[in-house]
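K.L.:
The following block contains a protein sequence and its predicted model.
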Amino acid sequence: MPIHFEAVTREARLLSPLKNFELDTQSIEHRRDPLTGRNVIVLKGRLDYVRKYIDSDETIIDELASSTQQGCPFCPDSVQTHAPKFPPEISPEGRISAGEAVCFPSLFAHGDYNAIVVPTHSHKVNLNQLRASVFADGFTACIEYFHRLHEWRPEVKNNAIIMNFYPPAGSTIVHPHIQALASDLPIHASDELLKASAAYFQDDGASYWSELVRTEEETGQRYLGRLGRVHWLTPFAPKGLNESQAIVSGVSDLSSLYPEDVDGITKGIVRTLGYYHDTGVRSFNIAIYSGPFGETSDYFDLNVRIVSRYGYKHNFVSDVWALQYLLDEQEVYEAPEETCSKLKKYFG
Ligand SMILES: [Zn+2]
């Protein structure tokens, strides 16, 4: 059965003071994620209005970076002398390295197994300066951490890799860093995707992810391009603004990624961030959703999402308000098809 992209449009009506109190109608499009059924409200053409919240004050970002450099726990000298160490069952050497990246346990854990990966020595890096090798080193260190955990405790197989960049994205430390999370308990969003993917496979006898990639590649309106077996697109029902998503065909978990796959993921991230930088975005989140570590499935493909966040400046406003936080309704100010047409140039 083909994937059903469900959208309904409603209209908001008001007598607008901006139009001399004449009747104004605004289109409110409600989309459902074809797999999970989660809702998103698409407000086409609203991007110009919210631009003032997306823009950052570069002076304030520079001030934040320079005022936090002294005493930064993630700068190389501090990491060597002060970063926490893993217990010997995870790492007899205390920390895990991959290229420039260093991985160590979070000083204040957010989960049973929570490692921090500092992928670069540089304290402040602009979005257009974050190289693919920085992400590759960082993700490789996360995966090595998961391997060691899994060897020690095979039941710890639910993993996620996330990144928060700058305070509007929830980051308390300016220095670029990645978080690796693992537990024997499910991670909610990954679990939701896995369960919905298994149900789709059972009902349709095909992988939702293969169908999605095939459909998006055919229609092209949300398809950005392919790097090896990593397909990049803008999702029909995004979780956030300017979202791009990678789907690694035929790979269901982090233990099964080949270096070429990491290459396809990191290059796509760098291209997306290049677009963000050029459009004034300075803050973002990334998540990698994986199936259970060490298990392969024919119904789930590992995938990655990147979203842009609002800007950093005095009197900045969060882009997550009660609508998203408490009502679970996402909202974006541009159709994913339009985001795709702009972002596509960066994917060549
Ligand atoms: Zn630093």
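P.N.:
Here it is on my side, so go on.
K.L.:
Nearest to the ion: which residue in the stretch 151-300 of the chain?
P.N.:
Taking C-beta to the ion as the measure, the point where the stretch 151-300 of the chain comes nearest the ion is residue 175, at 3.3 Å. No exception for glycine: its C-beta is placed from N, CA and C like everyone else's.
K.L.:
residues in contact with the nearest residue to that residue once chain neighbours are set aside?
P.N.:
Excluding the flanking residues, the one nearest residue 175 by C-beta to C-beta, 6 or more residues apart in numbering is residue 74, at 3.7 Å. Listed by C-beta atoms under 8 Å, 6 or more residues apart in numbering, the contact partners of residue 74 are 83, 116, 118, 123, 173, 175, 176, 177.
K.L.:
Now do the first one against the ion, distance only.
P.N.:
Right, the one you point to is residue 83. Distance from residue 83 to the ion, counting by C-beta to the ion, to the nearest Å: 12 Å.
K.L.:
Pull the contacting residues for that residue.
P.N.:
Contact partners of residue 83, counting by C-beta under 8 Å, 6+ apart, are 73, 74, 95, 102, 104, 116.
K.L.:
Pull the contacting residues for the closest residue to residue 155 other than its chain neighbours.
P.N.:
Nearest non-adjacent residue to residue 155, counting by C-beta to C-beta, 6+ apart: residue 184, 4.4 Å away. Counting by C-beta under 8 Å, 6+ apart, residue 184 makes contact with 112, 153, 155, 156, 157, 158.
K.L.:
what's the answer for residue 16, then?
P.N.:
Per C-beta under 8 Å, 6+ apart, neighbours of residue 16: 22, 23, 24.
K.L.:
quick one: which of those residues is most hemmed in?
P.N.:
Neighbour counts for those (other C-beta atoms under 10 Å) peak at residue 24, which has 13 neighbours.
K.L.:
How is that one assigned, secondary-structure-wise?
P.N.:
Going by DSSP: H, G, I helix; E, B strand; the rest coil, the secondary structure assigned to residue 24 is strand.
K.L.:
Could you check how far the closest residue to it other than its chain neighbours is from residue 59?
P.N.:
Spatial nearest neighbour of residue 24, excluding adjacent residues (C-beta to C-beta, 6+ apart): residue 16 at 3.8 Å. Counting by C-beta to C-beta, to the nearest Å, the gap between residue 16 and residue 59 amounts to 35 Å.
K.L.:
sorry, back to before: separation between the residue nearest to residue 155 and residue 111?
P.N.:
Residue 184 is 11 Å from residue 111, by C-beta to C-beta.
K.L.:
wait, isn't residue 42 in contact with residue 337?
P.N.:
No: contact criterion C-beta atoms under 8 Å: residue 42 and residue 337 do not qualify, at 9.7 Å.
K.L.:
Looking only at neighbour counts, state which of those two leads.
P.N.:
Counted by other C-beta under 10 Å, residue 42 and residue 337 do not tie: residue 42 has more neighbours, with 24 against 15.
K.L.:
Residue 11: how many residues sit nearby?
P.N.:
8.
K.L.:
Tell me if it really is in a helix.
P.N.:
No: counting by three-state DSSP, residue 11 is not found in a helix; it is strand.
K.L.:
With that, I have no additional questions.
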